[in-house]
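S.K.: got a sequence here, can you model it:
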Amino acid sequence: MNKSRGEDNFLNLPGFAARLYDSMMQTNAIRLTYQEIAQDLISRIKKGRLLDIGTGPGYLLLEIHKINPSIELFGLDISAAMVDQASRNLAEIKVDLQQGNIRATEYESEFFDLITCSGSFYLWDRPVEGIDEIHRILKDGRSAYLYETYRDIDKKILREIMRENLKSENLIRRMLAPRIFIKQLGMTYDKKEIKEILRKTRFANSYRIDDLTIVRLPVWLRIELKKYA
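M.R.: Below is the predicted model:
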């Protein structure tokens, strides 16, 4: 049996680890990351249902709600502990949170007006199945947007920008955040691998990959998956 890319770790994540993860997300750089992604998404949807896959503590959904509270928000995460943490963080807003795996959901076909995922696609054990499930639950004529880091970038430049981005944070975060992020990049796909995955999916002829800079970090890709009738 192939080793899990990360799903098994999050599936069995204990509550204290989810709270620790939530605490590590409390940096200005991460807050600004979600704000910039939310702004990009809001430019593409004015109303309707939006699903955030791998929603974690729920901060992207929170930023989307701040900008456009009329959007119907849904969050999916493989970790029950993360869903509990997101429920606490989003207690003041209306949101449908579910624990589950994107490769087999209980959502109706053609249910969502927009689907997104930020920074967790590389952890999916069966990415082709997950992408095909996105195709099933996405409305015709609509798009999904995956915001993902990729590993074929200059690590030296990355460290320099991160030091600048984190200079207002406490010592522990300044020390740990770059190490965690660099380790994450080592686990992510390169552009060629992402294209190879997408060509095996129902979006094989309807995807677009754009380079993206978020919070001054030129390490992001925006993967658009367009569903045609």
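
S.K.: verify the stated contact: residue 185 with residue 122.
M.R.: No: the pair residue 185 / residue 122 is not scored as a contact, 9.4 Å apart, by Cβ atoms under 8 Å. All C-beta atoms are positioned from the backbone trio N, CA, C, and that covers glycine.

S.K.: tell me which of those two has more neighbours.
M.R.: Taking other Cβ atoms under 10 Å, residue 185 and residue 122 do not tie; residue 122 has more neighbours (20 against 17).

S.K.: next, count neighbours for residue 69.
M.R.: Look at residue 69: counted by other Cβ under 10 Å, it has 10 neighbours.

S.K.: start the count at 36, not 1, going forward
M.R.: In the new numbering, first residue 36, that becomes residue 104.

S.K.: for it, grab phi and psi.
M.R.: In terms of degrees, to the nearest 10, the main-chain angles of residue 104 are phi -70, psi -10.

S.K.: just the one 4 residues further on next, same as before
M.R.: Torsion angles at residue 108 (phi, psi; degrees, to the nearest 10) stand at phi -100, psi 140.

S.K.: next: residue 249.
M.R.: With angles defined as degrees, to the nearest 10, residue 249 sits at phi -120, psi 130.

S.K.: distance check, it against residue 48.
M.R.: Going from residue 249 to residue 48 by Cβ to Cβ, to the nearest Å gives 25 Å.

S.K.: ranges for the helices of the chain?
M.R.: Using DSSP state H, the helices assigned to the chain run over residues 42-46, 50-59, 63-77, 94-102, 115-124, 162-172, 190-200, 206-222, 226-233.

S.K.: mind checking which of these is nearest residue 182?
M.R.: Minimum separation from residue 182 across the helices of the chain (Cβ to Cβ) falls at helix 63-77, 5.5 Å.

S.K.: how far off helix 94-102 does the closest one point, in degrees?
M.R.: Computed by axes from the mean of the first three to the mean of the last three Cα atoms, to 10 degrees, the angle separating helix 63-77 from helix 94-102 equals 60 degrees.
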